[in-house]
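>>> Whatever this is, show me its structure:
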Amino acid sequence: MSADPQRASVSDAVRVVSASMRSRQILDAAARLMERTGSEAVSMQALATEAGVSVGLIYRYFGGKDDVLLAVIVEVLDAFRTSVPQAVDAAGDDPVRRLAAAFTAYCHVIARYRHAAVLTYRESNALSAEGRETIKTLEVETSQPLRTAVRDGVDAGVLSTPNADLVAYDLLLLAHAWALKHWYFEQTMTLDEYVEAQLALMLQALIRPDLRAEYSDLLDR
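Numbers count the residues shown, from 1 in each chain. As a prediction, this is how the structure comes out:
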């Protein structure tokens, strides 16, 4: 009796989803644990306990602790690479709106992967030289939408800055500040309020004075 192709396809899809969920479970646990204790103090057994899985299961997905750390950091950068361009494309052609959409998307990724984002700063030196180069390359790639939006705004005569790269990285640091100082900011504002306030501060300095009225919805925060 021949196998049902449709049933086999569904079974394969279930296995993929299950593997993805397990991997997600392990990475989330690793981010929490490494943020609390630092990567050097984390053992595979401690990670297994935190994730609620066996050590053997972790080794099914990752070669070792260094691979887990790299995967945790890369996952944040991959989320940037997916979410930010989508948000920018949905914002239309106006470079200021595209810049606002990019920054907002960065902040929402940071909020979703807050523990992992902190590890990017605290633990990247624990990676191998190859791992660090991977992170640097991905960081440059994923910051491109911000740099492009700033440069497009300058070229269009809407934004005024002598250094688009500096502005882009300032915005990236402001996005990461939500993760680094979340304990403080959450006492007085939501994530969306934080995004709006930071955007208003930055755009007030960047948008030409005679054009600010066109973006009052972004500036009057």
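>>> how many other residues sit next to residue 117?
26 (other C-beta atoms under 10 Å). C-betas here are computed from N, CA, C, even on glycine.
>>> same check, this time on the one 4 residues further on
Around residue 121 there are 12 other residues, counting by other C-beta under 10 Å.
>>> ok, it - contacts?
176, 180 (C-beta atoms under 8 Å, 6 or more residues apart in numbering).
>>> what's the helix or strand for it?
According to DSSP states H and E, residue 121 maps onto helix 114-122.
>>> Which of the residues in that helix are classified as buried?
Applying a neighbour-count criterion of 16 or more other C-beta atoms under 10 Å, the buried positions in helix 114-122 are 114-120.
>>> what do you get for stretch 133-140?
134-135, 138-139.
>>> Check stretch 172-187 too.
Neighbour-count burial for stretch 172-187, counted by 16+ other C-beta under 10 Å, picks out 172, 174-180, 182, 185.
>>> contacting residues around stretch 71-84?
For stretch 71-84, using C-beta under 8 Å, 6+ apart, the contacting residues are 23, 27, 30-31, 34, 62, 102, 105-106, 108-110, 112-113, 116-117, 119-120, 123-124, 127, 134-135, 138-139, 141-142, 145-146.
>>> The one helix or strand residue 170 maps to - contacts with which helices or strands?
Element membership of residue 170 [criterion: DSSP H and E] is helix 164-180. Helices and strands touching helix 164-180, by 3 or more C-beta pairs under 8 Å, 6 or more residues apart in numbering; DSSP states H and E, are helix 95-112, helix 114-122, helix 144-155, helix 191-206.
>>> got a markdown table for the ones you listed, with mean pLDDT and distance to residue 39 too?
Shown next, in a markdown table, are those (pLDDT from 0 to 100; distance: least, C-beta to C-beta, whole Å):
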| stretch | mean pLDDT | distance to residue 39 |
| --- | --- | --- |
| helix 95-112 | 95 | 20 |
| helix 114-122 | 79 | 8 |
| helix 144-155 | 94 | 28 |
| helix 191-206 | 96 | 27 |
